[in-house]
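Trainee: Next one to model:
(2 chains)
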Protein chains: 2
Amino acid sequence: MIDELSALERIRERFQKISKAVSLGIGDDAAAVRIHPQRLLLATVDSQVEDIHFIKNLISAKDLGRKSIAVSVSDIGAMGGVPKFFLTSIGFTRNEDAKFLEDLMDGFQQGSSEFRLELIGGNLSTSDNLFIDITVLGEVELNLMVKRNGANVDDIIFVSGTIGDSALGSKILRNGKKSEKDRYLISRHIVPMPRLMLGRELAKKRLATSMIDLSDGLILDLERITVNHGLGAEIYVDDLPISTHYKRRISDFLKNPYELALSGGEDYELLFTSTEEKSSEIKIVSKQLNIKITEIGRVTKKPIVRVLDKYGSEINVGRKGFIHFVNKNPQRTQRIYKES
Amino acid sequence: MIDELSALERIRERFQKISKAVSLGIGDDAAAVRIHPQRLLLATVDSQVEDIHFIKNLISAKDLGRKSIAVSVSDIGAMGGVPKFFLTSIGFTRNEDAKFLEDLMDGFQQGSSEFRLELIGGNLSTSDNLFIDITVLGEVELNLMVKRNGANVDDIIFVSGTIGDSALGSKILRNGKKSEKDRYLISRHIVPMPRLMLGRELAKKRLATSMIDLSDGLILDLERITVNHGLGAEIYVDDLPISTHYKRRISDFLKNPYELALSGGEDYELLFTSTEEKSSEIKIVSKQLNIKITEIGRVTKKPIVRVLDKYGSEINVGRKGFIHFVNKNPQRTQRIYKES
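Mentor: Model (predicted):
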């Protein structure tokens, strides 16, 4: 069995960027290549695999189609870019029928019009388990791209929206006992809203020193913009943006209410860093776009992510919430890991 | 169960090209989009799925890695383009180990250097069956792109190299009784050589009115450049370029020696049309590149592909050799179908 994290490390080692045309190779939300004097082409691929990323009877084909696009589009947004085109490679099993295809296409069409990108090509095959691969191509101006590696010590760490909702929604879905009140949490899981407009605005106004979309959980994704580049972070658990829905429901599942907010994946919110003096401008963007943006911590020198309580004491969050495992009957829908 | 051909039709209907930026949407070897004043970006995705496209103990991980790239690169060549970058999405099962990964990467590296393109991004996941998706991005000058739909009545039909070798090699591999003498045929199946240089040269010299790479068998792919655009074709079975290896071995498998040459897939040769007056120029290219190019027939008005013997009588080739079926224990390795 292949350990995905070490596999990634090896692939990265072996395929370091080699030509000047590649502005950004493996290891960011999307790759960026120079094929135009002023603009970069962004490219990212993501998979939805049955029983790994989704369970077929827990998501409609339409939602699955839309979500497949949304998660890749989110990577483009995290670069400050604009999605333009997508290609899909689908492996159907013997269980899908014409109705399933129509519904999946409904979802593709929904995603296309919602995120304004066009299907330009694809490949159909047969497989033991259903998989949907989506490659999204996008664009960003040469000087506006926001990467994972631009943070500096003392930068403030911001996150959009609320976190943990999707992971909790997934738990509720898989748990089976859901009520009408859970609709919001479940919808955060099934119908994620990539923060395209926000990512674009932050890039255009140069308000982010680094940025990533939250796909694999706050702490892991925070490590990717800090620890992976020799920096660290302190985050203040009391400042984490938690929805009222999350607050109401989390105690049915976990003693520690913050565990899922810290480590649950698939929020597709933006996590970014900025300098202190840009704070007021960020507040204005938040107001203009009507998107909640919360200051949750600071970038530090020591290359470790620490979670602090209101007294400044470190909370041991362990790594149990993280998602590097492979589970055929997963307790939650997660990307096993994802790097571009 | 989904019928792939009708599925494709539906997808095409629903996602017709809508913006001016898309020069070529679903339905050619690669999609082409305009993101530069003089050049088109080409994009194509292709899958290798375990037990559908390959059987794990019949191909080394290195060859599999290289082949995954080769088959997508071939689509770029068939547009007259140059491959530049690729992304991969891999679904590993529990059976692959670190050695497998290294070998697969060896194959990726082999393909990268052979076809001169760079890995820029990817995604790893877990799956019940191993799959490798490769998206290749390439480029072609606006006015040089060769599409599937440019043939005219009376154009001559040409094919590069020899055909049927790969399908026969696959039969020998799966049959299990192979000898040293079968090395060439098996290698045509395991180590396909996309005709990048030839495709490029034909495009640069404007020698092809339409072009496609042979992935799904001569007749099916010929239909794609003729019948699909309201034209037909006559091909002369005695003119088909058949290797001596193929001639020697085919009778062990089939009574009709041409069946596999007509319908076997994965040749990755180029099938193209040209006007009569370009014939001599095509011969020169053939000599310069040292690639055999054979005239095999003509484009006709009646939208049907007819196979003729040396007396001009039509041979009934049936459709039994075609490859639209899905077979979990396939007798040959085939792409189920492929459109971009």
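
Trainee: Which strand or helix spans the closest residue to chain B within the stretch 151-300 of chain A?
Mentor: Going by C-beta to the nearest C-beta, chain B is nearest to residue A:215 of the stretch 151-300 of chain A, at 10.8 Å. (Each C-beta comes from the backbone N, C-alpha and C, glycine too.) Residue A:215 is part of no helix or strand, with elements assigned from DSSP states H and E.

Trainee: confidence score at it?
Mentor: According to the prediction, residue A:215 has pLDDT 93.

Trainee: right, and it touches residue A:270 too?
Mentor: No. Applying C-beta atoms under 8 Å, one finds residue A:215 not in contact with residue A:270, separated by 11.0 Å.

Trainee: Next, the most centrally placed residue in chain A: phi, psi?
Mentor: Of all residues in chain A, the one closest to the mean position by C-alpha atoms, centre = their mean is residue A:215, 2.8 Å from it. The phi and psi values for residue A:215, taken as degrees, to the nearest 10, are phi -110, psi -30.

Trainee: Now do the helix or strand hosting residue A:233: which elements does it pack against?
Mentor: For residue A:233, the enclosing helix or strand under DSSP H and E is strand A:232-236. On a contact count with 3 or more C-beta pairs under 8 Å, 6 or more residues apart in numbering or on different chains; DSSP states H and E, strand A:232-236 meets helix A:218-225, strand A:293-300, strand A:305-308.

Trainee: Can you give the distance from the host helix or strand of residue A:42 to the centre of its chain?
Mentor: Assigned by DSSP H and E, residue A:42 belongs to strand A:39-49. For strand A:39-49, the separation from the chain centroid amounts to 12 Å (computed by C-alpha atoms, centre = their mean, to the nearest Å).

Trainee: Could you check the angle that strand makes with strand B:39-49?
Mentor: Strand A:39-49 and strand B:39-49 are oriented at 20 degrees to each other (axes from the mean of the first three to the mean of the last three C-alpha atoms, to 10 degrees).

Trainee: Parallel or antiparallel, which strands does strand A:39-49 pair with?
Mentor: Paired strands of strand A:39-49, with direction, are strand A:31-34 (antiparallel), strand A:131-141 (antiparallel) (DSSP bridges).

Trainee: pLDDT averaged over the first one - what is it?
Mentor: For strand A:31-34, the mean per-residue pLDDT is 92.

Trainee: List the buried residues in it.
Mentor: Across strand A:31-34, burial judged by 16 or more other C-beta atoms under 10 Å in any protein chain shown covers A:31-34.

Trainee: do the same with stretch A:239-253
Mentor: For stretch A:239-253, using 16+ other C-beta under 10 Å, the buried residues are A:240-243, A:245-246, A:249-250.

Trainee: now swap in stretch A:166-178 and tell me
Mentor: Quick answer for stretch A:166-178 (16+ other C-beta under 10 Å): A:166-174.

Trainee: Identify the farthest-apart pair in these.
Mentor: Spanning the widest gap among the buried residues of stretch A:166-178 are A:166 and A:174, at 12.6 Å by C-beta to C-beta.

Trainee: what's near enough to touch residue A:100?
Mentor: Counting by C-beta atoms under 8 Å, 6 or more residues apart in numbering or on different chains, residue A:100 touches A:61, B:2.

Trainee: part of a strand, is it?
Mentor: No. Under DSSP: H, G, I helix; E, B strand; the rest coil, residue A:100 sits outside any strand and is assigned helix.

Trainee: what's the distance between it and residue B:152?
Mentor: For residue A:100, the distance to residue B:152 (C-beta to C-beta, to the nearest Å) stands at 40 Å.

Trainee: can you give me the helices for the stretch 101-250 of chain A?
Mentor: A:165-175, A:183-190, A:196-204, A:218-225, A:244-250 (DSSP state H, counting those that start in this stretch).

Trainee: Output those helices in TSV, with distance to residue B:5 appended to each entry.
Mentor: Listed next are the helices of the stretch 101-250 of chain A as TSV, based on distance: least, C-beta to C-beta, whole Å:
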stretch	distance to residue B:5
helix A:165-175	35
helix A:183-190	31
helix A:196-204	35
helix A:218-225	42
helix A:244-250	45
